[in-house]
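# Sequence first, then the predicted structure, then my questions.
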Amino acid sequence: MVSVLKIGGSLLSYPEALRALCQRLGELAGEHDLLIVPGGGPFADAVRKIYSEMKLPEATAHRMAVSAMDQYGILLQSILGDSSQAIEYFSEAKACFEEGQIAVLLASQVMRADRSLPKTWDVTSDSIAAYVARKVDAEMLVLVKSVDGLFKRGSKRLLNRVPVSVLASGVEPGCVDAYLPDLLASSGRFRCFIVNGRYPDRVAAVLQRVGVGEVVGTEIMRS
């Protein structure tokens, strides 16, 4: 079964941790079918700045931001090295898995053909990763970020589990994008976790289903 990982661009602020994460994922490549959806990070932040300064149409900026995800994907594939391959279409993933490689999706081609997701800032790489997980019938979606998970709104308490129905009102804002709750509520059967990528063993534990309930992080439940 396929596991989709969104690797957040914020991890670029922790280059050694990002390299350690990629090394750990490379070690798991032969055991698990892993499909990476890159975040946008500073590449997408540059688009947001230009969008604001130039007052671009939001759909134009969104297309540019998705292309920015490709830049991060190329970087991730370079760090991952021979354990990975960059792909542009879902159909290419199977060949990667058969070779024991991680598939790094450069999502701009796929998203250009998509007509189902809004082309707005509400849809970032979080929602795009969930969309990809649904498309490939993934077993698991792991949103790998630089924070431990979701925190209860108004407190510093980490939530180990949270229903998707309270994502918009019950957790501190900003960790996931605004469209993700709608997408998860209507998506397939995959489980969804948020894990801190600065601790590669946490990511590995979730992927290997080892003590999942004890891993520091948040699982988003559909009910």
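Looks like it came in fine.

# Please enumerate residues in contact with the helix or strand of the chain with the lowest mean pLDDT?
Taking mean pLDDT, DSSP states H and E as the measure, the chain has helix 167-170 as its least confident helix or strand, at a mean of 87. By Cβ atoms under 8 Å, 6 or more residues apart in numbering, the list of residues contacting helix 167-170 from outside reads 150, 152, 153, 162, 176, 178, 180, 181, 184, 220. To be clear about C-beta, it is placed using only N, CA and C from the backbone, and glycine gets the same treatment.

# ok, then the element right after it?
Once the chain leaves helix 167-170, the next helix or strand it forms, by DSSP states H and E, is helix 180-185.

# What residues of the least confident helix or strand of the chain count as buried?
Buried positions in helix 167-170, judged by neighbour count with 16 or more other Cβ atoms under 10 Å: residue 167.

# thinking again about what came up before, now restrict the contacts of helix 167-170 to buried residues only.
When these are checked for burial by 16+ other Cβ under 10 Å, the buried set is 150, 162, 176, 178, 180, 181, 184, 220.

# The fifth one touches residue 126, doesn't it?
Yes. The pair formed by residue 180 and residue 126 meets the contact definition of Cβ atoms under 8 Å, at 4.9 Å.

# Residue 172 reaches residue 151, doesn't it?
Yes. Contact criterion Cβ under 8 Å: residue 172 and residue 151 qualify, at 4.6 Å.

# can I get the buried ones among the contacts of helix 167-170 in CSV with pLDDT and distance to residue 117?
Formatted as CSV, these follow (pLDDT from 0 to 100; distance: Cβ to Cβ, whole Å):
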residue, pLDDT, distance to residue 117
150, 95, 22
162, 94, 23
176, 93, 15
178, 94, 12
180, 95, 11
181, 93, 14
184, 93, 13
220, 95, 18
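
# Could you work out the most separated pair of those?
Spanning the widest gap among the buried ones among the contacts of helix 167-170 are 162 and 178, at 15.8 Å by Cβ to Cβ.

# hang on, isn't residue 103 packed against residue 85?
Yes. Using Cβ under 8 Å, residue 103 is in contact with residue 85, at 6.3 Å.

# For residue 37, which three-state class applies?
Following DSSP: H, G, I helix; E, B strand; the rest coil, the label given to residue 37 is strand.

# Quick one: residues contacting it.
Counted by Cβ under 8 Å, 6+ apart, residue 37 has contacts 4, 5, 6, 7, 69, 105, 107, 125, 128, 129, 132.

# Leaving out the residues flanking it, which one is nearest to it?
In this structure, residue 37 finds its nearest non-sequential neighbour in residue 129, 4.1 Å apart by Cβ to Cβ, 6 or more residues apart in numbering.

# cool, and residue 18?
residue 11 (4.6 Å).

# Count the residues that sit near the one you found.
Per other Cβ atoms under 10 Å, the neighbour tally for residue 11 reads 23.

# helix/strand/coil for it?
Per three-state DSSP, residue 11 ends up helix.

# That one reaches residue 146, doesn't it?
Yes. Using Cβ under 8 Å, residue 11 is in contact with residue 146, at 5.3 Å.
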